[in-house]
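Student: Here is a sequence with its predicted model. Questions after.
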Amino acid sequence: MQEEKVRTISKAEAAEMLRLMYATRAFEEQAEKSYMMGKIHGTMHLSIGQEASAVGSISTLDPDDYILGHHRGHGLCIAKGADLNLMMAEFYGKEAGYCRGRGGSMHIADVAGGNLGANGVVGGGLPLAVGVGYGLKMRGDKRVLLSFFGDGAASTGAFHESMILAVLYQVPVVFICENNQYAMSFPARKWTSSERLAGFADSYGMPGAMTDGNNLLDVREAVQKAVDHARAGGGPSLIINNTYRWRGHSKSDRNRYRTQQEIEEWQEADPIRRYRKLVVADGLFTDEEIDDIEKGAYEQIELARVFAEESEEPSVESIEEGVYAP
Amino acid sequence: MQEEKVRTISKAEAAEMLRLMYATRAFEEQAEKSYMMGKIHGTMHLSIGQEASAVGSISTLDPDDYILGHHRGHGLCIAKGADLNLMMAEFYGKEAGYCRGRGGSMHIADVAGGNLGANGVVGGGLPLAVGVGYGLKMRGDKRVLLSFFGDGAASTGAFHESMILAVLYQVPVVFICENNQYAMSFPARKWTSSERLAGFADSYGMPGAMTDGNNLLDVREAVQKAVDHARAGGGPSLIINNTYRWRGHSKSDRNRYRTQQEIEEWQEADPIRRYRKLVVADGLFTDEEIDDIEKGAYEQIELARVFAEESEEPSVESIEEGVYAP
Amino acid sequence: MREITYLEAVREAMTQEMERDEKVFLIGEDVGQYGGAFGASFGMLEKFGPDRILDTPITELGLTGAATGAALVGMRPIAEIMFMDFLTLASEQLVNQAAKLRFMFGGRATVPMVLRTPAGSGTGAAEHHSQSLENWFAHIPGLKVVMPSTPYDAKGLLISSIRDNNAVVFVEHKLLYKTKGPVPEEPYAIPLGQADVKREGKDLTIVATSVMVSRALEAAKTLAEEGIDVEIVDPRTIRPLDAEPIIQSVIKTGRVLIVHEAVKMGGYGGELAATIAESRAFGYLDAPIVRLAGRDIPIPYNRTLELSAVPQVPDIIAKAREIVQGKV
Amino acid sequence: MREITYLEAVREAMTQEMERDEKVFLIGEDVGQYGGAFGASFGMLEKFGPDRILDTPITELGLTGAATGAALVGMRPIAEIMFMDFLTLASEQLVNQAAKLRFMFGGRATVPMVLRTPAGSGTGAAEHHSQSLENWFAHIPGLKVVMPSTPYDAKGLLISSIRDNNAVVFVEHKLLYKTKGPVPEEPYAIPLGQADVKREGKDLTIVATSVMVSRALEAAKTLAEEGIDVEIVDPRTIRPLDAEPIIQSVIKTGRVLIVHEAVKMGGYGGELAATIAESRAFGYLDAPIVRLAGRDIPIPYNRTLELSAVPQVPDIIAKAREIVQGKV
Ligand SMILES: Cc1ncc(C[n+]2csc(CCOP(=O)(O)OP(=O)(O)O)c2C)c(N)n1
Ligand SMILES: Cc1ncc(C[n+]2csc(CCOP(=O)(O)OP(=O)(O)O)c2C)c(N)n1
Ligand SMILES: [Mg+2]
Ligand SMILES: [Mg+2]
């Protein structure tokens, strides 16, 4: 069954997905290091452990389709094909960054490239998604949007209102809940369950699905179906990718709300290693080939780091630019 | 079946419920007249046609239990035992009114009497309900709260967040959606259905029920169950009372979004006449007895009108009173 | 010139812009068949169909965000929030998203949208349907805030707002909807950020917004009879503020009264007073800068109390008199 | 006296009040085991248990309303909103319900609650986690708004806020959390609505709020070396405002500089400037009233830009100098 799915994907595409997952892992590790070394001010939310959710989902898109991310958005950016140099430069707050250093980790966007941005407000992207979808639909554009959010965002009023409007206007949007089990320290199980989250689809009147979010093939299959449905004019869907973040919520996290054992169990289900094992078992790749992909990804990130560190700071004179459009 | 239910209610209690329903009908008719005659400034939302939902629900409460209403709240007030004089005086904006003329139709409250107020904001009472329930629970108070809202309020973010918190804290609150099929001109069927509304209970993890909201016995039975559950420490429930408003949304309504035929069909299902027929058929009352109750209710409202009209206006000197508590 | 109401002017501006540009659409509660709570879009559903006149369920946050998202991908939505009081529900999307997306993305996005909403008291709708919160949005970089006081301004400013490439909060006043005035039939644009002198005078400058402009004009008639010649400046756009005409007027008259309906404390009158006090007009002031504004209470239901909660014509007359007579 | 941090002062105030009055409880996102995003309630779950330290899912509107409802039936909730930016999500319940219930019900209800929230920039958290929106709430009758600038004030004002019978918005500043100062161990109450002169001086009055108080004190040292003797008044409560000490100070010095972090346009500085301009201090002014405030931009991420977005010590020094030297 898994093996059949493996074979539906070309070697080139599989290699690209592996590269994106490794690049994400490498980006996050570098981000953490840069932060620890005091090169980065502020905070960040690392997506280590959630790579299959981002890459599996976004791999179903055409290059000119759209995504809307959230605060834990580095992996989404990368999966959408971000230029790693510009992304790292933004993380470093540099003029060369995607947002000229104005946005930083929580606001990386590339509107021209179809990445409509991360968001500092939990649930903040959901109402936007309805409008993006409606805009596309209204002008007969065939593009679709993936709108990502966390289990925490699912408890916000914004979620409820957005689901209702999305169904009412039948927008071409796939809503993807990256259920990593916690909103900061608040366990999703205290107010819902993965099944209940998926069940909301029914409450609102759209197709719903639940995936093993650490299984790239599972994610990809569910999202592909929803993307096809949206592109064919069938309207929105809701997908719950069950996954886990390995790191703390952000740098202030003392991890008091979960056990080391739980973290280790989920690390056993490392989404990258799982996909790697599958493709090697299937004979699509040798271990050496994948080592090369991994190494390449880490090298790219190292180049991005250098690029970012060597880039210019934005000038203080330019500070008021960009508030208003002419 | 219906007959068995009829008999569970004493004659005195049945008479009281009939009186409350007739008083509501009479109050609304008088309110409309006063408005037409230019005696009332502002707007109002009449609950004619929804009397069984209000009276049936609130008849299950002990006198010191609580309710939280909404903008279409006259019937809820009356069912909670409001003094009709003080209520009408408030509607007239008089000093003797429940809110000293400050609140008017949309804000009538009697905190001491357990009526925590109507609300001008659709969905505005729902978050309050969670807190009221938690307050009661925290101090070991055995009282319960009925929190009323419309089908329109169910689409607000406030609804979603409130349901989640209510279940999380297991508050002694019964949430009652008076689904009168429209939010202003927006038909509930365009975004949900009565079944789906009731189904939200499941999504959040609490008991849910759906009633024929024009059948007083049906409403009463469902709410009684939920009230008992809440009082026993079982937490919140969600009940959908299906009903209909006969009048326009407010005075600006041209009724362009529904047919005369639809209105007439629902008028056939007049909740007062239906209950009246049942108790007469059952032999509990003669028609004459009920005529007397009806007449008494209208007389009470006429007295209330006179009281209100003869009451004093609030003094302009007192205008700034009540903003802050000492 | 043809006279139409402020409400009709709003509708005409929307209609003409929708005819001109198919990217413009309207979204809001009951804006379709019902025609909007005040009738602003009455008949527009029949003209433009349900794809461009979008009725929503009660979802202030959702619909404001939907407008923002559509703007982000090139549409030009007009969102209607039925009462300004309910912007308290929508402000996350307006303030954090619509206003900031462009700056946050390094200037690489545009959010061309209008959020229309009626503000103000006077209709007996009480505490939850009568607020004037314009200064909340005047405080937010990235937004523009427009407050027309006449039918003519309403049409011209709304057309400019729709054509503007930023998020514009367009504040209408319920009591103005039925007021009539001359309005050209063809489309025309009044630039945002341009104050207008509604009456020339030499003794006292009154800076007034929205419904207070007509009350000030009314007051000016009585004051003129007493020999007090009032100049009335209407900022029309409160963000950005066109301060120069105000400063010039104050330099000319040496006295200023600021009048708005919103609660005084924390209101836009403070901005106006401070702008004058830190300008070169400061040296020309012959009297303290006086604000006349809403009382420090929520808007009550009772008719008499409601009227007394915000400045009325006699209040303006009395305060103007005091200033000119040196009694403040 | 013992020195503790501002954050510890906040925690101590909550803890002592919860020990004193069992009606007091805390509700907010991650206030339990996590101890709050900034650690304000760290350890309180262990002390008071989950019935009085309520963790919530992400529900700003819901939890603010829940606090309001609990207050309406006699509890004394403290709600924490993790960042002031998210009050944009909660403001309906705060503004329409908590602030107005009492007035709307004819004075027959009380809503004794506190809503604590950290405001301000300086932590690199960018546009959605750095706003200073205090003037939104200063504009709302029925609310009180408190902005402590020192650990001592934080404890005493928070105790008063918890004991107050109204809805109090208690604005903390992220950058102050780690600042230390003398704080008595026993509970004490600083009355709301009482300004405090943080430094006496004769040449210039600086009215500053929150983190700007310490920056102004810092600036005053340098200015003193230049022979400029600055008086610093901290309103501490911005609604109600204790205007008298400010007016008296301006009468004494004849010059005033208003400093806050929030964006200038539409900010509380306007209220302060207008209050002075319409007071009897007007006649004593030797210079225009000057405001120094946040730039007209959202708070950017880049460290240098972020610092440049709001007043820093050198900006205060420069502006004070200009005023005293007659250059404005
Ligand atoms: C509206 C809002 N409330 C609170 C926060 C603070 N906050 C940032 S991330 C977060 C948890 C989000 O949980 P979830 O949506 O599950 O995403 P995850 O962090 O788990 O990826 C919180 C509470 C916020 N950014 N926005
Ligand atoms: C938040 C909010 N949005 C809009 C309105 C305007 N409004 C008042 S009542 C109403 C419809 C409410 O529908 P529902 O909840 O079904 O109650 P019903 O009027 O049908 O009894 C609307 C849109 C409001 N008062 N509050
Ligand atoms: Mg999560
Ligand atoms: Mg309804």
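Tutor: Cool, got the structure. Ligands and ions are numbered 1, 2, ... in the order given.

Student: Please give me every residue in contact with C:Val324.
Tutor: By CB atoms under 8 Å, 6 or more residues apart in numbering or on different chains, the contact set of C:Val324 is C:203-204, C:228, C:255. For every residue, glycine as well, the C-beta is placed using N, CA and C.

Student: Please give the centre-to-centre distance between stretch A:231-238 and its chain.
Tutor: 20 Å (CA atoms, centre = their mean, to the nearest Å).

Student: helix/strand/coil for the closest residue to chain A within chain C?
Tutor: Distances between chain C and chain A by CB to the nearest CB are smallest at C:Gly65, namely 2.1 Å. Look at C:Gly65: counting by DSSP: H, G, I helix; E, B strand; the rest coil, its state is helix.

Student: In contact with it, which residues?
Tutor: A:124, A:126-128, A:130-131, A:158, A:162, C:93, C:97.

Student: Which ones among those map onto strands?
Tutor: Judged by DSSP state E, strands contain none of those.

Student: Give me the nearest residue to residue 11, chain neighbours excluded.
Tutor: I'll assume chain A. The shortest distance from A:Lys11 to any non-neighbouring residue, by CB to CB, 6 or more residues apart in numbering or on different chains, is to A:Leu284 (5.7 Å).

Student: Correction: the question concerned chain C.
Tutor: C:Arg11's closest residue in space is C:Ala40 (CB to CB, 6+ apart), at 5.6 Å.

Student: Would you verify that the one you found is located in a strand?
Tutor: No - applying three-state DSSP, one finds C:Ala40 to be coil, outside a strand.

Student: I'd like the mean pLDDT over the helix ranked longest in chain A, please.
Tutor: Taking DSSP state H as the criterion, chain A has its longest helix at helix A:11-36. In this model, helix A:11-36 carries a mean pLDDT of 97.

Student: what's the angle between whichever helix or strand comes after that helix and helix A:11-36?
Tutor: Later in the chain than helix A:11-36, the nearest helix or strand by DSSP states H and E is helix A:51-58. Orientation check (axes from the mean of the first three to the mean of the last three CA atoms, to 10 degrees): helix A:51-58 against helix A:11-36 gives 130 degrees.

Student: ok so, going back, what about the contacts of C:Gly65, which are in helices?
Tutor: Those of the contacts of C:Gly65 lying in helices (DSSP H): A:126-128, A:130-131, A:158, A:162.

Student: Just the buried ones from the residues you listed?
Tutor: Among the ones in helices among the contacts of C:Gly65, those buried by neighbour count (16 or more other CB atoms under 10 Å in any protein chain shown) are A:126-128, A:130-131, A:158, A:162.

Student: export the residues you listed to JSON lines and tack on pLDDT and distance to B:Lys142?
Tutor: Formatted as JSON lines, those follow (pLDDT from 0 to 100; distance: CB to CB, whole Å):
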{"residue": "A:Leu126", "pLDDT": "98", "distance to B:Lys142": "40"}
{"residue": "A:Pro127", "pLDDT": "99", "distance to B:Lys142": "41"}
{"residue": "A:Leu128", "pLDDT": "98", "distance to B:Lys142": "46"}
{"residue": "A:Val130", "pLDDT": "99", "distance to B:Lys142": "44"}
{"residue": "A:Gly131", "pLDDT": "98", "distance to B:Lys142": "47"}
{"residue": "A:Ala158", "pLDDT": "98", "distance to B:Lys142": "36"}
{"residue": "A:Ser162", "pLDDT": "99", "distance to B:Lys142": "39"}
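
Student: Of all pairs in the residues you listed, which one is the farthest apart?
Tutor: A:Gly131 and A:Ala158 (12.5 Å; CB to CB).

Student: the helices in chain C, which residues?
Tutor: Counting by DSSP H, the helices of chain C are C:6-20, C:44-48, C:60-72, C:87-91, C:101-104, C:134-138, C:151-163, C:211-225, C:244-253, C:268-277, C:303-309, C:313-324.
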